[in-house]
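> Please find the sequence and the predicted model below.
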Amino acid sequence: MSRLILKNLRRESQIFAHRLIVAVIFMAVLFGFLAYRLADLQIAQHEHFTTRSKENRVKVLPIPPPRGLIFSRDGVLLAENIPVFSLEVVPEQAGNIDELIVKIDSLIGLDNDEIQRFKKEVKRKRKFEKIPIKFKLSEDQIARFSVNQYRFPGVEVATRLVRHYPYGKDFVHMLGYVGRINEKEEKRLDKANYSATTHIGKTGIEKSYEPQLHGQVGYQQVEINAQGRILQVLKREPPLPGHDLYLTIDTKLQSLAAEALGERNGAVVAIDPNTGAVLAMVSYPAYDPNWFVNGISADRYQLLSQSPDRPLFNRALQGQYPPGSTIKPFLAMAGLFFDIRDAHDQTFCPGWFSLPGGTHRYRCWKKAGHGGVDLKRSIVESCDVYYYELANDLGIDRIHDYLKGFGFGKISGVDLSGEAQGLLPSRQWKLKTRETSWYPGETLITGIGQGYMLTTPFQLASATATLSMYGKRVVPRLVGQTEDPATGKSGDLLSELPKEVVKGEEEDWQLVIQAMRDVVLGQRGTARKLGAGAFYEFAGKTGTSQVFGLKQAEEDNMAKEDIPEHLKDHALFIAFAPVKNPVIAVAVVIEHGGSGGRTAGPVARKLLDYYMKNQ
Amino acid sequence: MDRSKNIFFKLHIDFPLLIALLLLCGLGLLVLYSASDQHIDVVIRQATRIGLGLTGMLFIAQIPMRTLLWWAPWLFGLGLLMLVAVIFMGYTGKGAQRWLDLKFIKFQPSEIMKIAVPMMVAWHLNDKPTPPSFRNVMVGLIMIAIPAGLIAEQPDLGTAILIAASGFYVLFLSGLRWRLIIAAGLAVMAVAPLLWYAMKDYQKQRVLTLFDPEKDPLGAGYHIIQSKIAVGSGGLFGKGWLNGTQSQLGFLPERTTDFIFAVFCEEFGFLGVLALIALYTFVILRCLYMAKESQGTFARLVAGSLALTFFTYVFVNMGMVTGQLPVVGVPLPLISYGGTSLVTMLLGFGLIMSAFTHRQLMSG
């Protein structure tokens, strides 16, 4: 037994030793193979993997350029960029949004507006974009969040420059506002230049001067970790800031206009006739553009958009009103230009006018009639019959052709988007849009600025400026100068403006302007009270435009104060000063203001007074 | 050379092996410090486990092989019981049911099997003639298949294969006939397609990812891609300790555990890797030498099998990190962060030391 085991043991250890040798060879082969693979990775492919390792950790990040500032002509800062601490979320990294909102709410508090706005933003955001959930964090809130940062992946406190409009609603209708870039805008924007930009001009100057205001994106090469956190900046190409804009607006005149208009729905526009510079532009009511910068809450937006006063609507540029009697000086010029009338031609006004062979009586505002009226008196006393007959003699097409030169019925080309073009009717227009022929009666009411004709307050001001300049017309502008903050170079936009001319004899212009002077300064002027005490000579024209509906007879039978507010006539007034070498032209429209001379006129006078004294 | 007079030998410690193991563990702590974003508390925790494991190793080394032989079936039985228990009341972690919660400690029964299976097969062959008869080989295979099957069911295919390998090494070292080995190899190749269908989706995914990691660079391929980038960008000399961007900036996943070798490659380069492989090779060769010098079938087979298993771990982990083998949660022995496998590994070295140092001088 013992011998047998001993023999087995020797054989066994021999076999074992052999097997060990086999195992060692086997291991040597495998380790050799491994070493070969490692050499392949670490030596042969070293460069390839070094590149990929670098790609991992080095990212090129765009830096948004600071948006250009907007100043008024007198150097007041109207749109600025202020640093704001906000809490920002990358939804892809933050997990469940509803849970996140609850967690953040319990930590630093969120109000309903913020939650709503955030949810809205998340829905339409771009991929991996940071969405702010709370703005203007207090130091206490920052501290509380920082301590709990580890609980919130994908959420961080960020400083960013946020557009701010220090004067709020005072300038909103010209400045407009910026808002977050939406998907539609993203598609048409330059991807590279806007790669770091979150906001874009949505309306007003912010929109029309977006290319100048935006600037050129910068880049930085950074080292990041796997979570995308920036560890250090390796290289930096700074962004080029957007150009600053200097408006033609005079802030004092602007606030004076707003004050004079008061809480009446309407618009005031003042233009320098020599340069086209817009000196003031007010539309009431207005709204605070700062609400829109970081997304407006649904409730607040509904309130704004559904208000019957339509605060979002820029009346100065988009409001379309029948010009009423303010159109008369322009028609008078047409009559003179086509030699239909001269200064001495008289029209007899019995208080009404009927087309030859017609029975309908088109009435003059003065029931008793003006008697014999020449051109000058037709403007001073605003005789309707004179213009019924003049319009009839001119015909709608000549009216259309001549008034077009003043900018009626078309976009003025002002550097502001959203301009309404108004309506200057013609035979052709009616055939095209209404598919019926033109009726002679329609020409008559066009003669007193009613019927189809519509103008914006902006067009009225611009046309008045043209008239005051004897037909020399400059396309109006809101931005007078741009300045590149990087180089200090500025560009003058006003001197490059295209100029047009409305044809007319010099003595014709003089005649019409003299008549307009007498509207406010003459003994019989419709707005003679307005001219009292003026230390300079100015010219004006009143206008009243019918809202709709009330038949002449009905209106006659009602006491003025019994007419419901929303059916009252719009009050209009145009003016310029001084009569010789004018420096300011103004148009005022007050919705349902009643008489042009009594409500709109004083607003214009205040502007002229201020400007004549201070310019 | 008179080993009996060597003080270490009397204490049942193999000095060269101990030094090599300490070197590996120390190197491991150094890499771990870097891989853990320089968290000294992680290093201290691991050092504590190393201390615990080394103590266990020295303790096991004191137990004579006769006693261990007697333990073998009991240990194996206990392991089997616990594996069954895992099925019924196991604790699920990372999609697989591998843990048994014994209230005071969470425990992976498969760890016991890493030692128990080779011990059991060696126990079985201890008094059998060599080379083992076909019947004895079959009995051995069943002893391997039952625990391996249970572990594969958890599912932990990687560990199952490694445990099966450790049992197979016993059979191989006992002189398993070549024709049987070749036949078994052919059989495995024939069954391999069936194995594919038995695999879970995530397992298939890992195998597929191996062939084309770039197909899903942020998903299944992410581990392999980032790991290869770390290894490759290390180059000949490495980026230097604490300077590996892949690991320090967090691009490398599982960098303290299964992928710690990638951190090593990135920071110490090809030359460092060669040195590490040399150190591992020394440990393996020393263990094989000790196995050869051991007395008794059981001692030799257990020691030899454990040494080869150790090699297998090293190779599979390195193969995985370099993108040669599928990602099968196998740690790099003595270096990866984690307690259980480290302690098991060191206890295994205790067994080898015991086998080597408990020798009676044979007559004749």
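Now that the structure is in, tell me what you want to look at.

> Grab the longest helix from chain B for me.
Scanning chain B for the helix with the most residues, using DSSP state H, yields helix B:260-293.

> tilt between the following helix or strand past it and helix B:260-293?
On the C-terminal side of helix B:260-293, the nearest following helix or strand under DSSP states H and E is helix B:297-321. Interaxial angle, helix B:297-321 versus helix B:260-293 (axes from the mean of the first three to the mean of the last three CA atoms, to 10 degrees): 160 degrees.

> Tell me which other helices or strands helix B:297-321 touches.
helix A:2-39, helix B:65-89, helix B:109-126, helix B:157-173, helix B:260-293, helix B:340-357 (3 or more CB pairs under 8 Å, 6 or more residues apart in numbering or on different chains; DSSP states H and E). To be clear about C-beta, it is placed using only N, CA and C from the backbone, and glycine gets the same treatment.

> looking at the ones you listed, which is buried most?
For the helices and strands packed on helix B:297-321, average neighbour numbers computed from mean count of other CB atoms under 10 Å in any protein chain shown are highest in helix B:109-126, which has a mean of 26.

> Please identify the buried residues of the next helix or strand after that one?
For helix B:109-126, the following helix or strand on the C-terminal side (DSSP H and E) is helix B:134-152. Buried positions in helix B:134-152, judged by neighbour count with 16 or more other CB atoms under 10 Å in any protein chain shown: B:136-137, B:140-141, B:143-144, B:147-148, B:150-152.

> Which secondary structure elements does helix B:134-152 sit against?
If you count contacts as 3+ CB pairs under 8 Å, 6+ apart, helix B:134-152 packs onto helix B:65-89, helix B:109-126, helix B:157-173.

> so residue B:358 makes contact with residue B:68?
No. Using CB atoms under 8 Å, residue B:358 makes no contact with residue B:68, being 9.1 Å away.

> Apart from its chain neighbours, what residue comes closest to residue A:207?
Spatially, and ignoring its direct neighbours in sequence, residue A:207 is nearest to residue A:201 (4.0 Å; CB to CB, 6 or more residues apart in numbering or on different chains).

> So the residue of chain B found nearest chain A, which state does it fall into?
Nearest residue of chain B to chain A (CB to the nearest CB) works out as residue B:232 at 2.7 Å. At residue B:232 the chain is in helix, as set by DSSP: H, G, I helix; E, B strand; the rest coil.

> for the one 10 residues further on, same thing?
Assigned by three-state DSSP, the conformation of residue B:242 is coil.

> what's the burial count for it?
By other CB atoms under 10 Å in any protein chain shown, 14 other residues sit near residue B:242.

> mind listing what it touches?
Residue B:242 sits next to B:33-34, B:38, B:248, B:267 when contact means CB atoms under 8 Å, 6 or more residues apart in numbering or on different chains.

> which of the residues you listed sit farthest apart?
Of all pairs drawn from the contacts of residue B:242, the greatest distance, 12.6 Å, lies between B:38 and B:267 (CB to CB).

> tell me the pLDDT at the nearest residue to residue A:592 once chain neighbours are set aside?
Nearest residue to residue A:592 in three dimensions, chain neighbours excluded: residue A:568, at 3.9 Å (CB to CB, 6+ apart). On pLDDT, residue A:568 comes in at 77.

> give me the number of residues near residue A:568?
Count around residue A:568 with other CB under 10 Å applied: 20.

> was I right about it contacting residue A:599?
No. Residue A:568 is beyond contact range of residue A:599, at 10.1 Å (criterion: CB under 8 Å).

> Give me the common contacts of those two.
Common contact partners of residue A:568 and residue A:599 (CB under 8 Å, 6+ apart): residue A:593.

> Let's test this: name the helix or strand in the chain with the lowest mean pLDDT.
In the absence of a named chain, chain A is used. In chain A, the helix or strand scored least confidently by mean pLDDT, DSSP states H and E is helix A:552-557, which has a mean of 52.

> meant chain B actually
Lowest by mean pLDDT, DSSP H and E among the helices and strands of chain B is strand B:91-93, with a mean of 58.

> if we can go back for a sec, what about the longest helix of chain B and chain A, any contact?
Yes. Against chain A, helix B:260-293 shows contacts by CB under 8 Å from any CB of the partner chain at B:265, B:269-270, B:273-274, B:277, B:281, B:284-285, B:288, B:291-292.

> helices and strands around that helix, which ones?
Secondary elements touching helix B:260-293 (3+ CB pairs under 8 Å, 6+ apart): helix A:2-39, helix B:15-35, helix B:222-234, helix B:245-248, helix B:297-321, helix B:340-357.

> Roughly how far does the residue of chain B closest to chain A sit from residue A:221?
Plainly put, residue B:232 is 23 Å away from residue A:221 if you go by CB to CB, to the nearest Å.

> Then residue A:31?
Relative to residue A:221, residue A:31 is positioned 41 Å away (CB to CB).

> leaving aside the residues next to it on the chain, what's closest to the closest residue to chain B within chain A?
Residue of chain A nearest chain B, by CB to the nearest CB: residue A:49 (2.7 Å). Closest residue in space to residue A:49, ignoring its immediate chain neighbours: residue B:232 at 2.7 Å, by CB to CB, 6+ apart.

> Same question for residue B:20.
Of all residues not flanking residue B:20 in the chain, residue B:283 sits nearest, at 4.9 Å (CB to CB, 6+ apart).

> How about residues contacting the top strand by length along chain A?
With DSSP state E setting the assignment, residue counts place strand A:77-89 as the longest strand in chain A. With contact meaning CB under 8 Å, 6+ apart, strand A:77-89 is reached by A:66-67, A:69-72, A:100, A:104, A:108, A:118, A:130-137, A:141-142, A:145, A:154-167, A:171, A:175, A:206, A:247, A:251.

> What mean pLDDT does it get?
On average, strand A:77-89 scores 90.

> and if you look at stretch B:255-273?
Summarised as a single mean, pLDDT over stretch B:255-273 is 94.

> Just give me how far that stretch sits from the chain centre.
Relative to the chain's own centre, stretch B:255-273 is displaced by 18 Å; criterion: CA atoms, centre = their mean, to the nearest Å.

> again, but for stretch A:64-80
Taking CA atoms, centre = their mean, one finds stretch A:64-80 lying 15 Å from the centre of the chain it belongs to.

> Please identify the buried residues of that stretch?
A:64-73, A:76, A:78-79.

> Which SSE is immediately downstream of the least confident helix or strand of chain A?
Toward the C-terminus, helix A:552-557 is succeeded by strand A:570-577 as the next helix or strand (DSSP H and E).

> For that following strand, which helices and strands make contact with it?
Other elements packing on strand A:570-577 under the criterion 3+ CB pairs under 8 Å, 6+ apart are helix A:457-468, strand A:539-545, strand A:584-590, helix A:601-614.

> Of the ones you listed, flag the one that's most buried.
Buried most deeply of the helices and strands packed on strand A:570-577, by mean count of other CB under 10 Å, is strand A:584-590, with a mean of 32.

> Using PDB, write down the CA coordinates of it.
Output in PDB follows, covering the C-alpha atoms of strand A:584-590 (Å, rounded to 0.1, in the frame of the first residue of the first chain):
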ATOM      1  CA  ILE A 584     -40.600 120.900 -36.000                       C
ATOM      2  CA  ALA A 585     -43.700 119.300 -37.500                       C
ATOM      3  CA  VAL A 586     -46.300 117.600 -35.200                       C
ATOM      4  CA  ALA A 587     -49.300 115.400 -35.600                       C
ATOM      5  CA  VAL A 588     -51.600 114.600 -32.800                       C
ATOM      6  CA  VAL A 589     -54.400 112.000 -32.800                       C
ATOM      7  CA  ILE A 590     -56.700 111.600 -29.800                       C
END
